[in-house]
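# With the input below, show me the fold.
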Amino acid sequence: MKLRSKPYPKTWFEILLSLSILILLPVTFVFDIFFILPTLHEPYSFWYYFNIVLAVFLNLNIEANMLAGMLIDTSVDYEQCQPPPEGDAARLEWRHCTVCDRWAPPRSWHCKLCDVCILRRDHHCNIVGSCVGHHTMRYFVCFVIQFTFGSVYSTIYHLYFMLRYNYTLVVLHLICGPFPLFELVTLNVFSWKLLALYSTCTAFRYYLPHVLHGTVRFDRGPKYDCGLAYNLRCVFGERMFLVLLSPFISSKLPTDGYSFQINPNHITAKSVMAV
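Numbering: from 1, shown residues only. Coordinates of the predicted model:
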């Protein structure tokens, strides 16, 4: 796997966003494990250990998938790829990038921030400071799925904790006057969880159809929708049932990012329209 030569965020906004995730995730983890969990479950009980293991698993995977998205290069390797010769039908899928002054493969687009053409480009992600493309789609989707699940699970636990200990009084103190430091931290952490919950659920809802239908943001129509199983392999690879366990599990993609299988129904429909 090729690594990016400049794997750092490009703007101050991206730097702030990346640091917020990398810092607030461990802070939330510590608060949940050492303050909330012991009050809801008997220490050393089954559910106590279950929640610790789950929290460690999710936090490590979320941050590892995020770092993988930062480090892995998913740009077009112009030294290795050559466009099909003139007259070849596949040449029609390639287009000329005016910035790179090269012929770019199908579904690749130039990113102004990364200053390269990205294979099967979906979008430039401000969280990782790089583009989500052919080689990093798996890590981005796993990041969204696990962050969404972790946000839902943690927010429900936190809300139950606040309702159980009557945090309505804390909100009244917030409006009317001073209150203890622990309650302030509790409310701030809960606010961060609500923000994370909204953001991750919105991202999950937006990208789920793309994953299921084998498309990226710049695709138009069902041209590359080749069935659910194949579409999932194009994102997660051949070991698609294992990649959610760890970003370090290798999972070969069915395409190289320079050519793609096309939905035969799309070809038939296009031929009928041409006639």
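
# Show me which positions of stretch 240-252 end up buried.
Within stretch 240-252, the residues that count as buried by 16 or more other CB atoms under 10 Å are Val243, Leu244, Pro247, Ser251. Any C-beta I mention is one placed from the backbone N, CA and C, and that applies to glycine too.

# distance of the third one from Val211?
Taking CB to CB, to the nearest Å as the measure, Pro247 and Val211 are separated by 17 Å.

# Tell me where the stretch 101-250 of the chain has strands.
Assigned strands in the stretch 101-250 of the chain, in chain order: 102-104, 109-111, 116-118, 123-125, 130-132 (criterion: DSSP state E, counting those that start in this stretch).

# quick one: average pLDDT of the second one?
Rounded to a whole number, the mean pLDDT of strand 109-111 is 94.

# quick one: the helix or strand containing Ala68 to chain centroid distance?
Using DSSP states H and E, Ala68 maps to helix 46-71. Helix 46-71 sits 14 Å away from the centroid of its parent chain (CA atoms, centre = their mean, to the nearest Å).

# ranges for the helices of the chain?
Under the criterion DSSP state H, helices of the chain are mapped to 12-31, 37-40, 46-71, 137-164, 168-176, 181-213, 228-236, 264-274.

# Of all those, which one is nearest Val99?
helix 12-31 (20.7 Å; CB to CB).

# Show me what that closest one is packed up against.
Applying 3 or more CB pairs under 8 Å, 6 or more residues apart in numbering; DSSP states H and E, we find helix 12-31 packed against helix 46-71, helix 181-213.

# Give me the buried positions along stretch 98-115.
Buried, per 16+ other CB under 10 Å, within stretch 98-115: Arg102, Trp103, Ala104, Pro105, Pro106, Arg107, Ser108, Trp109, His110, Cys111, Cys114.

# wait, doesn't the last one sit right on Cys125?
No. Under the criterion of CB atoms under 8 Å, Cys114 lies out of contact with Cys125, with a separation of 10.5 Å.

# Now for those two: what residues contact both?
Taking CB atoms under 8 Å, 6 or more residues apart in numbering as the contact rule, Cys114 and Cys125 both touch Cys131.

# ok, back up a step: what average pLDDT does the helix holding Ala68 get?
On average, the pLDDT along helix 46-71 is 95.

# And for stretch 12-30?
Stretch 12-30 shows a mean pLDDT of 92.

# can you pull the contacts of His124?
Per CB under 8 Å, 6+ apart, neighbours of His124: Cys111, Leu113, Cys114, Ser130, Cys131, Val132.

# Out of the residues you listed, which is nearest to Met1?
Nearest member of the contacts of His124 to Met1, counting by CB to CB, is Ser130, at 14.2 Å.

# if we can go back for a sec, may I see the helices and strands packed on helix 12-31 organised as TSV, with distance to Gln261 added?
Below are these laid out as TSV (distance: least, CB to CB, whole Å):
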stretch	distance to Gln261
helix 46-71	25
helix 181-213	14
